[in-house]
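*Asks:* here's a sequence, model it:
(one chain, ligands or ions: 1)
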Amino acid sequence: MCGIIGYTGEEEAVELLLNGLKALEYRGYDSAGIALSKGSEIIVEKSQGKISQLERKIEGENKDLSSHCGIGHTRWATHGKPNDINSHPHATENLALVHNGIIENYAELKKFLEKNEHYTFESETDTEVAAKLIDCFYRVTRDPFRAIAEALKLLRGSWAFGVIFKDDPGVIYATRKDSPLICALDEKGNFIASDIPAVLKRTNRYYTLEEGEIALVCADKVKIFDMDKRPVKKEIKEADWDVEAAEKGNYPHFMLKEIFEQPTVIRKTVSPRVKDGLPQLGIPKLTDETLKRFKRLIIVGCGTAMHAGMVGKTVIEKLARIPVQVEIASEFRYSDPILEENDLIIVISQSGETADTLAALRLAKEKGCKTMAVVNVVGSSIAREADFVFYTWAGPEIAVASTKAYTVQICAMYLLTLRLCLIHNSLPLVQVKKLTEELLDKMPVLVQETIDRSGEIRKIANRFRSVEDLFFIGRGIDYSLSMEGSLKLKEISYVHSEAYAAGELKHGTISLITQGVPVISVATWDSCYEKMISNVKEVRARGASVIMLCKKGAAAADDVSDFIIDFPECSEMFMPMLAVPSMQLFAYHMAVFRGCDVDKPRNLAKSVTVE
Ligand code: M6R
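*Replies:* Predicted coordinates for the structure are as follows:
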C-alpha cells in the first residue's frame, strides 16, 4: 500500500525523503513523489513508476531542490490509474499533501468544492479532494491547524495525512484515522512515516499518532494536540528492530532471507513463553481463569494470517477440545456475526494494520466480546486496540509474501493450544511438557534441516517452471497448508493454482486433471494418510505429475509420486512448520525462474490498509 515519509531538520530533505521512500518500496506502489518547502514556495516532483524513475526525472530537470523540509509518498493506485497526475503529493496554492487511505465521500465533497471558483480538479483521486478541502478552510482561517481540524470533520473513510503549508515553512502537519502514521525523533530533525523501516536508518524512537490527534512536526520538536488544540502527552516508543533486520544482507531477495530466518524467529517467539518446560502465554491480564471462561474461539484474519488460524483451529479442536471458527476478516465484518459473551475473538495479523482485520476486531469489541491479537508489529493499531496481545517476534518482514510471520503465528497457535490443554486438562501434563519441549528445542533444528534442502526444491521447481496451472491437494490440516502453498505460489510466481480438499476433487475439479498437470499432494496428517493416497492415485490415473509432501519413509509415497519432498519425524501437530517452508521455497524458486519481482509482486501491497 501507499507509503509516507516526511522530514524537517538541519539536513537536506531530498535525499532523506528518497531514501525513506526506498525503504518503503516493499509496501508495494506504482508511483512516487515529493514536495519540498523552499522559502515561501512549495516544489512538487512526482512520477509514475519506480522511485528510480522519479530520481531520473529530478536529475534531468536540474532544478535547485535544496530544502530542509518536505514530504514524500509512494502511491498504490485506488482512485485513478497510476500516472504522474494522480501521484501524490497533491498541491494547491497554499499547501501540499500526501495521503494513505481512502476518502469515501470524495465524490460529494468534490461537487461541493467545484462550486467554489478556486477549485478545478485535474486528477481522478480522492486525495486531491482532501487537499482542496483543507485549502478551502485555510483560505478562511489562515490557520493550518484549524483548517485541517475543520476538514477532518467532513471527511469519511481512512487517512494518514502529511501536509506542508507555504506560509508555515519547516513544519509538517500530520494526522491519521484507520491508517498508521508515526512521528519519529532524531537528533538532526524529525520525521513522519507510515512505517518504522522508513526511518530505521536514522532513528528507532517514535510517537504513534492516535485518531483525533494532529501533530506539528518541527525541526527541533514534535508537538501533538487533540482536535481542540489541547496538548497531548505521549510516551516515546523504541522499536527494537535494527537496520540489518530490515536489509537484505547477502541474500538476493528479502523473501529468501526471511525464509532462512525461520529457525531464529521460532526460538525468539517460543523461548520467552516456556517456563519450567510448560507453556506460559505471558499475556498481561489474560489469566488462566479468564481463558477458561471462553467456550468458543473465533479466529479472524486475511490471507496467510487466516491460514495460520486454520492450523490453530485444527490443533486446538483436536487437543484442547474447544470449538474454533475461522473467519475471513473481510467477510466476517459484514456478516452480522452471532457473537456470545463467552467467545474470544482472536485476530491474527503480521502488520497489525490490515483494514479488514482491524474492522473485525472493532466489531467484536462493539458486540461486547473480548479480543486477543496475535501481531508482529509492536504498537500497531490492532495491538493497541485488542484486549490481550500476543506479540510474535519475527522482526520486520519486508517481502510482500509472508513467510516467517506465518511460522511464528502458528507457534502462537501451538502455545495457546498447549496452555488450553493444561487449563482444561485435556492432555496429561507430561504430554504437554513433551510437546512444549519439542516445539522449543527440536522444531527450530528440523525447520533448519528442511530449508537447507532448498537446492533440491529448486530442482523440482525448475522442472515445473513453465507450467501455467497447478493444483494443491490435502485433507484436514494438510488442506489448510495447501491453501497457504497455493497462495504463496500465485502471489509471487503468477502461476495459476488452486488448493482443494483432496476428497472434494472428484466432485468437479478432477476434470481439469490431464496428462502432465502438476499436483502437489500434502500428506502429513496420519489419520488421513491412506485416504490421501487414494486421492493421489485418482489424479495420477488421469496423468497428473505428482509432487508429494510427506513424512520420511511414508509408505506408499514412492509408488504414487514423481517427486518427493519428505520431512523428518516430529509430532503431527508440528508438521506445518516443515511443510509450509518447503512450499515457500517452491514458490520462491518458481518466481525466480520465471523472472518475477519476488519481493514486490505486481498489484500487491505488504500492508493492506484499505478495504
Ligand atoms: O499484515 P497481515 O498479516 O494482516 O496481512 C494479511 C495478508 O494481507 C497477508 O498475509 C497476505 O496474504 C500475504 N501477502 C500473503 O503472503
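
*Asks:* ok, residue 306 - contacts?
*Replies:* Residues near residue 306 by C-beta atoms under 8 Å, 6 or more residues apart in numbering: 299, 300, 326, 327, 328, 329, 348. Where C-beta positions appear, they are placed from N, C-alpha and C, glycine not excepted.

*Asks:* going by distance to the ligand, which of those residues wins?
*Replies:* residue 348 (6.7 Å; C-beta to the nearest ligand atom).

*Asks:* close enough to count as contact, residue 256 and residue 589?
*Replies:* No - here residue 256 does not reach residue 589: they are 9.4 Å apart, not a contact under C-beta atoms under 8 Å.

*Asks:* so where is the protein shaky, pLDDT-wise?
*Replies:* Applying pLDDT under 70 to the chain picks out residues 555.

*Asks:* name the residue of it that lies nearest to the ligand.
*Replies:* Closest point on the chain to the ligand, by C-beta to the nearest ligand atom, is residue 303, at 1.9 Å.

*Asks:* helix/strand/coil for the nearest residue to that residue once chain neighbours are set aside?
*Replies:* Ranked by C-beta to C-beta, 6 or more residues apart in numbering and with sequence neighbours excluded, the top spatial neighbour of residue 303 is residue 487, at 6.4 Å. Put simply, residue 487 is helix when judged by DSSP: H, G, I helix; E, B strand; the rest coil.

*Asks:* where along the stretch 151-300 of the chain do the helices fall?
*Replies:* In the stretch 151-300 of the chain, the helices defined using DSSP state H, counting those that start in this stretch lie at 254-260, 262-270, 288-293.

*Asks:* neighbouring contacts of the second one?
*Replies:* Just to be clear, that refers to helix 262-270. Residues outside helix 262-270 that contact it (C-beta under 8 Å, 6+ apart): 392-395, 403-404, 407-408, 411-412, 415, 439-440, 443-445, 447-448, 451, 577, 581.

*Asks:* then stretch 196-208?
*Replies:* Under the criterion C-beta under 8 Å, 6+ apart, residues 3-5, 16, 19-21, 23-24, 26, 180-186, 191, 193, 215, 222, 224, 234-243, 246, 377, 379, 384, 396, 398 lie in contact with stretch 196-208.

*Asks:* for the residue of the chain closest to the ligand, the count of nearby residues, please.
*Replies:* Neighbour count of residue 303, defined by other C-beta atoms under 10 Å: 23.

*Asks:* what do you get for residue 374?
*Replies:* 32.

*Asks:* partner strands of the helix or strand hosting it and their direction?
*Replies:* In this assignment (DSSP states H and E), residue 374 forms part of strand 370-375. Paired neighbours of strand 370-375 in the sheet (DSSP bridges): strand 343-349 (parallel), strand 388-391 (parallel).

*Asks:* among those strands, which comes closest to residue 553?
*Replies:* strand 343-349 (33.5 Å; C-beta to C-beta).

*Asks:* look up how far residue 307 lies from residue 446.
*Replies:* For residue 446, the distance to residue 307 equals 20 Å [C-beta to C-beta, to the nearest Å].

*Asks:* of those two, who's got more company?
*Replies:* Relative neighbour count places residue 307 above the other of residue 446 and residue 307, with 29 against 19, counting by other C-beta under 10 Å.

*Asks:* mind checking the SS state of the more buried one?
*Replies:* Following three-state DSSP, residue 307 is assigned to helix.

*Asks:* circling back: test my guess that the residue of the chain closest to the ligand contacts residue 484.
*Replies:* No - using C-beta under 8 Å, residue 303 is not in contact with residue 484, being 9.0 Å away.

*Asks:* near the ligand, which residues of this structure?
*Replies:* 302-305, 349-351, 354, 357, 400-402, 487, 491, 607-608 (C-beta under 6 Å from any ligand atom).

*Asks:* mind running it again at 5 Å?
*Replies:* 302, 303, 304, 305, 349, 350, 351, 354, 401, 402, 608 (C-beta under 5 Å from any ligand atom).

*Asks:* so the third one belongs to a helix, correct?
*Replies:* Yes - the assignment for residue 304 (three-state DSSP) places it in a helix.

*Asks:* name the SS class of the closest residue to it other than its chain neighbours, please.
*Replies:* Among residues not flanking residue 304 along the chain, residue 402 sits closest, at 4.1 Å (C-beta to C-beta, 6+ apart). Following three-state DSSP, we place residue 402 in the coil state.

*Asks:* and residue 402, what does it touch?
*Replies:* When contacts are counted by C-beta under 8 Å, 6+ apart, residue 402 touches 303, 304, 305, 350.

*Asks:* and these, which two are the farthest apart?
*Replies:* Counting by C-beta to C-beta, the most remote pair of the contacts of residue 402 is 303 and 350, 9.5 Å apart.

*Asks:* so what's residue 24 closest to, chain neighbours aside?
*Replies:* Ranked by C-beta to C-beta, 6+ apart and with sequence neighbours excluded, the top spatial neighbour of residue 24 is residue 3, at 3.2 Å.

*Asks:* surely the one you found and residue 27 touch.
*Replies:* Yes - the pair residue 3 / residue 27 is scored as a contact, 5.0 Å apart, by C-beta under 8 Å.

*Asks:* between those two, which contacts overlap?
*Replies:* Residues touching both residue 3 and residue 27 (C-beta under 8 Å, 6+ apart) are 74, 194, 195.

*Asks:* let me know the closest of the residues you listed to residue 602.
*Replies:* For the shared contacts of residue 3 and residue 27, the nearest to residue 602 is residue 74 (15.0 Å; C-beta to C-beta).

*Asks:* next up, identify which helix or strand that closest one is on.
*Replies:* Secondary structure from DSSP H and E places residue 74 in strand 69-75.

*Asks:* and that strand, what other elements does it pack with?
*Replies:* When contacts are defined as 3 or more C-beta pairs under 8 Å, 6 or more residues apart in numbering; DSSP states H and E, strand 69-75 sits against strand 3-9, helix 13-23, strand 31-38, strand 95-103, strand 157-165.

*Asks:* can you tell me which of these is most buried?
*Replies:* strand 3-9 (a mean of 29; mean count of other C-beta atoms under 10 Å).

*Asks:* give me the phi and psi angles of the spatially most distant residue from the centre of the chain.
*Replies:* Distance from the C-alpha centroid of the chain, by C-alpha atoms, centre = their mean, peaks at residue 117 (42.5 Å). Residue 117 adopts backbone torsions of phi -60, psi -20, taken as degrees, to the nearest 10.

*Asks:* and the gap between it and residue 136?
*Replies:* Taking C-beta to C-beta, one finds residue 117 at 11 Å from residue 136.

*Asks:* what of residue 479?
*Replies:* 54 Å.

*Asks:* again, but for residue 20
*Replies:* Using C-beta to C-beta, residue 20 is found at 30 Å from residue 136.

*Asks:* mind listing what residue 291 touches?
*Replies:* Neighbours of residue 291 in contact, by C-beta under 8 Å, 6+ apart: 281, 344, 419, 420, 423.

*Asks:* residue 492 - that's part of a helix, no?
*Replies:* Yes - counting by three-state DSSP, residue 492 is found in a helix.

*Asks:* output the contacting helices and strands for the strand or helix carrying residue 133.
*Replies:* For residue 133, the host element (DSSP H and E) is helix 127-141. Judged by 3+ C-beta pairs under 8 Å, 6+ apart, the packing partners of helix 127-141 are strand 90-91, strand 95-103, helix 106-114, helix 144-154, strand 157-165.

*Asks:* hmm, residue 560 is touching residue 537, no?
*Replies:* Yes - assessed by C-beta under 8 Å, residue 560 is found in contact with residue 537 at 5.8 Å.

*Asks:* among the two, which residue is more densely surrounded?
*Replies:* residue 560 (20 against 15).

*Asks:* next, count neighbours for residue 321.
*Replies:* 12.

*Asks:* meant to ask about residue 342, not that
*Replies:* Using other C-beta under 10 Å, residue 342 is surrounded by 11 other residues.

*Asks:* quick one: contacts for it?
*Replies:* Counting by C-beta under 8 Å, 6+ apart, residue 342 touches 293, 294, 295, 296.

*Asks:* domain-wise, how is the protein divided?
*Replies:* If you go by automatic domain parsing, the domain ranges for the chain are 3-246, 254-451, 455-593.
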